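S.K.: Generate coordinates for the sequence data below:
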Amino acid sequence: MDRRVHPILAAFAACVFFFLLAPLVIIIGAAVSDTTYLTFPPQGLTLRWFVNIFEIEAFRTTAITSLQVAFLGTALSLLIGVPAAYAINRYRVELPRWLSTIFVLPILVPEIVFGFSLMKSVTIGLGLPIFISLLVGHALLILPYSVRVVGASLAAFDFSVEEAAISLGCPPLKTFLTVVLPNIRAGVIAAFILAFITSINDVSVSVFLTGPGISTLPIQILAHMEQFFDPTIASVSVLLMFVTVGVMAVVEATLGLTFLTK
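M.R.: You can find the predicted model right below:
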């Protein structure tokens, strides 16, 4: 059987790969350039701009803040999203259909509008501290990913297994923790990865919720670019890419990426 790929299809695939990889190559090249300004192709090779990241206190503190907000926000979104996805799928006949739409509103509304609304209602209206406002904003922003991804796993779950466990005397909460949750763990892990990456790279919402003394790494990158145009910015971007790749590598090493499709 002839399995040769059509030249047009091969050329189209090559263009797609080039479109995806070219920006990454440019950023990495600019990050190792031995110049005091951003340029590509690199003029000389050096790692001093990566060292410069850790010498700037603002980058260190905002990186810690971004990780804290991403982890706590993702955990909070899963704490709300998993039960919500369970209720929507378990009681889909009893609950109104529009209920599931409410949980995707944060991604339907433009992020700039969403961020401004949070600033007016949460930071100014409720007077919450900046860190708490950031946490609430990121949790709401990534909540749709938790509900949708976990909901997709629950859609393939046979709830008769849960009913059988309850009929045999297992309490509902224990049934959920020991029967339902292990069967949807792939969806929970996938939701965590997607929500974490979205949170740690967010700009549109964070720019409205940060304030004096508290900021996130992407916002600090923008602030640094206003004063400097050195390759430090490209180096930070490369580190953020490595964080994303690292998360995926850990999943691949422990579970395998095919596990997330189950």
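
S.K.: buried ones in the helix or strand of the chain at the bottom of the mean pLDDT ranking?
M.R.: Here the helix or strand of the chain ranked lowest by mean pLDDT, DSSP states H and E is helix 98-102, holding a mean of 73. Within helix 98-102, the residues that count as buried by 16 or more other CB atoms under 10 Å are Ser100. In this view, the C-beta of every residue, glycine as well, is placed from N, C-alpha and C.

S.K.: What's the first helix or strand after that helix?
M.R.: helix 105-108 (DSSP states H and E).

S.K.: What is that following helix packed up against?
M.R.: helix 130-155 (3 or more CB pairs under 8 Å, 6 or more residues apart in numbering; DSSP states H and E).

S.K.: how far does the helix or strand following the helix it packs on sit from the chain's center?
M.R.: For helix 130-155, the following helix or strand on the C-terminal side (DSSP H and E) is helix 159-167. On the basis of CA atoms, centre = their mean, to the nearest Å, helix 159-167 sits 34 Å off its chain's mean C-alpha point.

S.K.: do stretch 29-41 as well
M.R.: Using CA atoms, centre = their mean, the distance between the centre of stretch 29-41 and that of its chain works out at 28 Å.

S.K.: How about residues contacting that stretch?
M.R.: Outside of stretch 29-41, the residues within contact range by CB atoms under 8 Å, 6 or more residues apart in numbering are 26, 42-50, 229-231, 233-235, 237-238.

S.K.: and those, which are buried?
M.R.: 42, 49-50, 230-231, 233-235, 237-238.

S.K.: Dump those into CSV; add pLDDT and distance to Ser77 as well.
M.R.: Conversion of these to CSV gives the following (pLDDT from 0 to 100; distance: CB to CB, whole Å):
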residue, pLDDT, distance to Ser77
Pro42, 81, 39
Trp49, 84, 34
Phe50, 85, 32
Asp230, 82, 36
Pro231, 85, 34
Ile233, 84, 29
Ala234, 86, 31
Ser235, 87, 30
Ser237, 84, 25
Val238, 86, 27
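
S.K.: just those residues now: which is nearest Ile219?
M.R.: Nearest to Ile219, judged by CB to CB, of the buried ones among the contacts of stretch 29-41 is Ile233 at 12.8 Å.

S.K.: Name the SS class of the closest one, please.
M.R.: Assigned with DSSP: H, G, I helix; E, B strand; the rest coil, Ile233 falls in the helix class.

S.K.: wait, it sits on Ala223?
M.R.: No: counting by CB atoms under 8 Å, Ile233 does not reach Ala223; the two are 10.6 Å apart.

S.K.: Could you measure from Thr175 over to Asn89?
M.R.: Distance, Thr175 to Asn89, using CB to CB, to the nearest Å: 15 Å.

S.K.: In a helix, Thr42, correct?
M.R.: To be clear, residue 42 is Pro; Thr isn't right here. No: per three-state DSSP, Pro42 lies outside any helix segment and is coil.

S.K.: Enumerate every residue touching it.
M.R.: 29-30, 32-35.

S.K.: Please spell out the PyMOL selection for the buried subset of those.
M.R.: Buried members of the contacts of Pro42, defined by 16+ other CB under 10 Å, are picked up in PyMOL with:
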select buried, resi 29+30+32+33
